[in-house]
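A.B. asks: using only what follows, build the 3D model:
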Amino acid sequence: MSLLLSPSSGLLSPAMPWETTEWFNSEPLNLAQLHGRVVVLEAFQMLCPSCVSHSLPQAVRLSRTFGDELAVIGLHTVFEHHKAMTPTSLKAFLHEYRIPFPVGVDALRSAHPAPVTFSRYRMQGTPTTVLIDRDGMLRGQKLGPVDDMSLASAVTRLLDGAVPPAVCAIDGTCT
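C.D. replies: As a prediction, this is how the structure comes out:
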């Protein structure tokens, strides 16, 4: 399944700001600080089997492969099992799984069960991979595992500036 990297109208939309409560492996980060860099935002939960087996290892490989050219950011976005997935547990998880990139904890609102950034991006679950271009524009978002080659191709196109301002799929094909 491919995902459009921009809305069907052909108009790009700015990536929504993140609202976090704590950061690991980094000082607090926001999109303005990352302007000029391509960003892969990997939304995950540490008790999500697909996150642990596929998406987080993939994000680590992206981080190592592209280095400073690419900002890989984790977003721990807990919408269930809140008592089990605390920041203390997350810190141990990140150490055990050797996650080297910055990870923010998505903020919660007391009256709403879904985390703030999760809701802003209209995520439906985890893992969710989000692509943001150098100008802070949302270029792609996909729920579930993404094929390694497809994601690497989409990232490379964004890094090279080869993605036109029209519509592209996360598999790298553009129309």
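
A.B. asks: I figured Leu143 hits Val130, correct?
C.D. replies: No - checked against C-beta atoms under 8 Å, the pair Leu143 and Val130 is beyond contact range at 10.3 Å. Backbone N, C-alpha and C define where each C-beta goes, glycine included.

A.B. asks: more crowded one of those two?
C.D. replies: The neighbour count for Leu143 versus Val130, taken as other C-beta atoms under 10 Å, is higher for Val130 (21 against 16).

A.B. asks: and that one, that's in a helix?
C.D. replies: No - using DSSP: H, G, I helix; E, B strand; the rest coil, the secondary structure at Val130 is strand, not a helix.

A.B. asks: can you pull the pLDDT of the spatially most distant residue from the centre of the chain?
C.D. replies: In the chain, counting by C-alpha atoms, centre = their mean, Ala111 sits farthest out from the average C-alpha position, at 24.8 Å. Per-residue pLDDT puts Ala111 at 76.

A.B. asks: would you mind giving both backbone torsions of it?
C.D. replies: When quoted as degrees, to the nearest 10, the phi and psi of Ala111 stand at phi -90, psi 0.

A.B. asks: next: Gln141.
C.D. replies: Backbone geometry at Gln141, expressed as degrees, to the nearest 10, gives phi -160, psi 130.

A.B. asks: contacts only, for it.
C.D. replies: Applying C-beta atoms under 8 Å, 6 or more residues apart in numbering, one finds that Gln141 lies in contact with Leu3, Tyr121, Met123, Thr128, Thr129, Val130, Leu131.

A.B. asks: from what I see, the fifth one and Ser50 are in contact.
C.D. replies: No - counting by C-beta under 8 Å, Ser50 is not a contact partner of Thr129; they are 11.2 Å apart.
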